[in-house]
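A.B. asks: Could you work out the structure for the sequence below:
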Amino acid sequence: MIPVILGMNDPSGTAVLSSAVPGSAGSRLLALAILGGLTARQYEEGFERRNLLDTKRWSSGRARASAERMVASLEGREVVVLGREVWRAFSPRSVGYFTWVHHHGATWHLIPHPSGRNLAYNNPDIRRRAADVLRRVHDYHHRSPVRAMPSAGAGNLVSSR
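C.D. replies: Purely as a prediction, here's the structure:
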């Protein structure tokens with residue numbers, strides 16, 4: 001199964017994390033993927049994109065309920081989590097960005113949410129690290145004959161139940 005990019009919700013009501021919407025989180029993700037060395041086609045075809053909520057407004061309570069329903073479908077998969085709010089819906093445990101976490105039978109990769117309001121991406125190092133996560137997760141599933149995630153500069157690995 002291809003890896004999942006998991007976002008919050010879609011206030012615009014368009015396609016989930018669509019890169020076709022200028023200025024959207026989806027278009028910023030595409031830019032990060034390209035920065036990491038992926039083509040637009042590799043990005044579009046190489047990830048399943050989901051939002052935790054299908055509502056225009058974020059609700060932590062509804063997000064936790066949605067996470068409980070969704071978690072079984074993510075078992076055995078690589079999941080790139082967009083931001084701490086989405087992560088908190090799945091786990092109360094605090095983890096740092098660019099940390100790999102084995103949790104609920106999946107491997108989770110937390111990166112900052114690519115919202116235009118998130119100033120973290122003003123830092124070129126943050127952009128590069130997020131781009132590297134997208135590339136590594138993609139390559140792990142689409143090109144690598146060896147099923148081991150590269151570890152150089154990849155961040156920390158944390159195990160969790």
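
A.B. asks: make it CA atoms for all contacts and neighbour counts henceforth
C.D. replies: Noted.

A.B. asks: Quick check: which element contains residue 69?
C.D. replies: helix 60-70 (DSSP states H and E).

A.B. asks: what about the residue lying closest to residue 127 once chain neighbours are set aside, how many neighbours?
C.D. replies: Closest residue to residue 127 apart from its sequence neighbours, by C-alpha to C-alpha, 6 or more residues apart in numbering: residue 121 at 5.5 Å. Using other C-alpha atoms under 10 Å as the criterion, residue 121 is surrounded by 19 other residues.

A.B. asks: got the contact list for residue 121?
C.D. replies: By C-alpha atoms under 8 Å, 6 or more residues apart in numbering, the residues touching residue 121 are 112, 114, 127.

A.B. asks: Go ahead and confirm the second one touches residue 82.
C.D. replies: Yes. Counting by C-alpha atoms under 8 Å, residue 114 does reach residue 82; the two are 7.1 Å apart.

A.B. asks: what about residue 72, which SS state?
C.D. replies: helix (DSSP: H, G, I helix; E, B strand; the rest coil).

A.B. asks: Dihedrals phi and psi, the nearest residue to it once chain neighbours are set aside?
C.D. replies: Closest residue in space to residue 72, ignoring its immediate chain neighbours: residue 104 at 7.8 Å, by C-alpha to C-alpha, 6+ apart. With angles defined as degrees, to the nearest 10, residue 104 sits at phi 50, psi 40.

A.B. asks: cool, and the one 3 residues further on?
C.D. replies: The phi/psi pair for residue 107 (degrees, to the nearest 10) reads phi -110, psi 120.

A.B. asks: Kindly report the same for residue 101.
C.D. replies: Reported as degrees, to the nearest 10, the phi and psi values for residue 101 are phi -130, psi 130.

A.B. asks: my read: it touches residue 93, true?
C.D. replies: No. The criterion here is C-alpha under 8 Å, and residue 101 misses it with residue 93 at 10.5 Å.

A.B. asks: Which one's more surrounded, the two?
C.D. replies: Between residue 101 and residue 93, residue 101 has the larger neighbour count (other C-alpha under 10 Å), namely 22 against 8.
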